[in-house]
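> model the structure of this input:
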Amino acid sequence: MTRLAGIFLLLAQLFAVHLAAADELRPAFLDIREMAADEFAVVWKVPALGDLRLGIYVRLPASCRPKAEPVRTIQAGSFFERSSVVCAGGLKGREISVDGLKSGVTDALARIEYRDGTTEVARITPDSPILLVVGAQSRLEVAKTYLLLGIDHILTGFDHLLFVLALMLLIRDPWMLAKTITAFTIAHSITLAGATLGFFSLPQKPVEAAIALSIAFVASELIKIKAGERRLSQAYPWVVAFAFGLLHGFGFAGALKETGLPQLDVPLALLMFNVGVEAGQLLFVAAILIAVRAATALVTTWPVVPARLAAAYLIGIISMVWFVTRVTSFAI
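Residues are numbered from 1 along each chain as shown. Modelled structure (predicted):
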C-alpha cells in the first residue's frame, strides 16, 4: 500500500478541485405527481450556489398548460420551481426534455407518480436529454433504473469514496481489507434498508456532517501511525468500518428517500439500489488497485512516510471543509 499513498496524492487533488463545486454535482430532480385526471403537481429542483442556479430547464409536453404562475424559491443550496399543470390527454406517450444538460455538469432524475400507485423513475442525461413517458414500468425496467441509480450515487458521492480510499490507505493486508470493506457494506446496507422503509431515521444534515467527521477520524488515525505500534484502527479496522458504515447508510437512504420507491416494487427497487451502491463501490476499489499495480510497474520506490502523511493531511483538510460547510448549512 506504499504506492497507494503516492497515487492518493493525485486523487485527493481531484477531490479538492471539486470541493467548491460539490453542490453542482448533485443531479437535478423532477418530481411529477398526478393529482387528478390530466392534472399534475410539478417540482423542479436544481442545484444552486447562493442566488445562482444551474442553467438547466425542464420542458414539459406542448399539451401541458400551467394553472397558475410557478412559485420559485432557493432553499438549502437548491433552486425549487413548484407549479400545477393540466396536460390534455395525460403524460403517457409524451416527451419531457431537459435543456442545458450538454455542459455535462450534472444529470437529471425524473420521478412520475400516478394516482393508481404506479411510479416511473428515469435518468435524463446529456446523451439522452429526452424522456418518453411510458407509464407503468416492467420489473426489469425498475431493476435496471434503481441499479443505475445506486451506481451513480456512489460514484458521485465523493465523501463515501474518500472514506473507502482512506481505509485502503490504512490497511496493508489484502485479506483484512476485504473483511473491512465487507463490514462497511453490511453496515450501510442495514441502515439503508431500515431508514428507507421507515423503521428508524436520523436528520439528514447532521448525518452528512457526521459522515465528514468519520473521514476526518480515519485521517487522524493515519497521522498517528508509528513504527512498532499497532493502533486499534489497524488491528480491528472492520470494527471502525462497520460502526461508520451504519452512519454512511443513513446518507445513502437520504438520497433514495428523495427519489422514492415504486409502491408496487419496493423490495426489488431497494435491493437493486443497494446492489448498485455495492457494484459502484467495488468498481472504485478495483480501479484503485489497478492504479496501484500500474504504478508498481512504473515506479519502484515511493517516499512512504512523507506520502502517507501528506495523504492523511489532505484527507483531513477535505473532510473538515465538508464538515464546516455542512454544519453552517444547518441554519439555512
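> mean confidence for the helix or strand harbouring Val218?
Remark: Val218 resides in helix 204-223, with elements defined by DSSP states H and E. The pLDDT scores in helix 204-223 average 89.
> just how off-centre is it within its chain?
Relative to its parent chain, helix 204-223 has a centroid offset of 16 Å by CA atoms, centre = their mean, to the nearest Å.
> going forward, count from 49.
Okay, using 49 as the starting number, the last item reads as helix 252-271.
> helices or strands up against that helix?
helix 206-218, helix 280-283, helix 285-307, helix 352-376 (3 or more CB pairs under 8 Å, 6 or more residues apart in numbering; DSSP states H and E). Placement of C-beta: from N, CA and C, glycine included.
> least confident of those, on average?
Among the helices and strands packed on helix 252-271, helix 280-283 carries the lowest mean pLDDT (a mean of 75).
> for that helix, buried residues please.
The neighbour-count check on helix 280-283 (16 or more other CB atoms under 10 Å) flags 281-282 as buried.
> contacts for it, please.
The contact list for helix 280-283 (CB atoms under 8 Å, 6 or more residues apart in numbering) reads 218-219, 266, 269, 273, 287-288.
> now flag whichever of the residues you listed is closest to Val181.
Val266 (44.4 Å; CB to CB).
> before we move on, the earlier item: the contacts of helix 280-283, buried ones only, as a ChimeraX selection?
To isolate the buried ones among those in ChimeraX, judged by 16+ other CB under 10 Å, type:
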select :218,219,266,269,273,288
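> as JSON lines, the contacts of helix 280-283 with distance to Pro315 would be great.
JSON lines is the format used below for these (distance: CB to CB, whole Å):
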{"residue": "Leu218", "distance to Pro315": "35"}
{"residue": "Ile219", "distance to Pro315": "34"}
{"residue": "Val266", "distance to Pro315": "33"}
{"residue": "Glu269", "distance to Pro315": "38"}
{"residue": "Ile273", "distance to Pro315": "43"}
{"residue": "Val287", "distance to Pro315": "30"}
{"residue": "Val288", "distance to Pro315": "31"}
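> greatest separation within the contacts of helix 280-283: which pair is it?
Farthest pair in the contacts of helix 280-283, by CB to CB: Ile273 and Val287, 17.2 Å.
> for Gln185, grab phi and psi.
In this entry, Gln185 is assigned phi and psi values of phi -100, psi 150 (degrees, to the nearest 10).
> who's the residue lying closest to it once chain neighbours are set aside bridged to?
In space, Gln185 comes closest to Glu168 once its chain neighbours are excluded; the distance is 5.5 Å by CB to CB, 6 or more residues apart in numbering. Under DSSP bridges, the beta-bridge partners of Glu168 are Ile160.
> do you know how far Lys192 is from Ser176?
Going from Lys192 to Ser176 by CB to CB, to the nearest Å gives 14 Å.
> go on, Ser262?
For Ser262, the distance to Ser176 - CB to CB - is 36 Å.
> so those two - more neighbours on which side?
Using other CB atoms under 10 Å as the criterion, Ser262 and Ser176 rank with Ser262 on top: 23 against 13.
> OK, contacts around the more buried one?
Here Ser262 is in contact with 211, 292, 295-296 (CB under 8 Å, 6+ apart).
> rerun that using 10 Å as the cut-off
207-208, 210-211, 214, 288-289, 291-293, 295-296, 367, 371 (CB atoms under 10 Å, 6 or more residues apart in numbering).
> specify the angle between the helix holding Val266 and helix 206-218 in degrees.
20 degrees (axes from the mean of the first three to the mean of the last three CA atoms, to 10 degrees).
> list the buried residues for helix 252-271?
252, 255-267, 269-270.
> give me the element the residue sitting nearest the centre point of the chain is part of.
Most central in the chain under CA atoms, centre = their mean is His201, positioned 3.3 Å from the mean C-alpha point. Following DSSP H and E, one finds His201 within helix 187-203.
> same question for Gly165.
Residue-wise, Gly165 maps onto no helix or strand under DSSP H and E.
> against Val134, how distant is it?
Per CB to CB, Gly165 is found 22 Å from Val134.
> so those two - more neighbours on which side?
Val134 (14 against 10).
> does that one count as helix, strand or coil?
Assigned with DSSP: H, G, I helix; E, B strand; the rest coil, Val134 falls in the strand class.
> so it touches Lys115, yeah?
Yes: using CB atoms under 10 Å, Val134 makes contact with Lys115 at a distance of 6.1 Å.
> list the contacts for Ala243?
Contacts of Ala243 (CB under 10 Å, 6+ apart): 249-250, 252, 255, 297-302, 304-305.
> residues contacting the nearest residue to it once chain neighbours are set aside?
Excluding the flanking residues, the one nearest Ala243 by CB to CB, 6+ apart is Ala301, at 3.6 Å. Residues counted as contacts of Ala301 (CB under 10 Å, 6+ apart) are 236, 239-245, 248-250, 252, 255, 318, 321.
> again, but for Arg120
Contact analysis of Arg120 by CB under 10 Å, 6+ apart lists 92, 101, 127-131.
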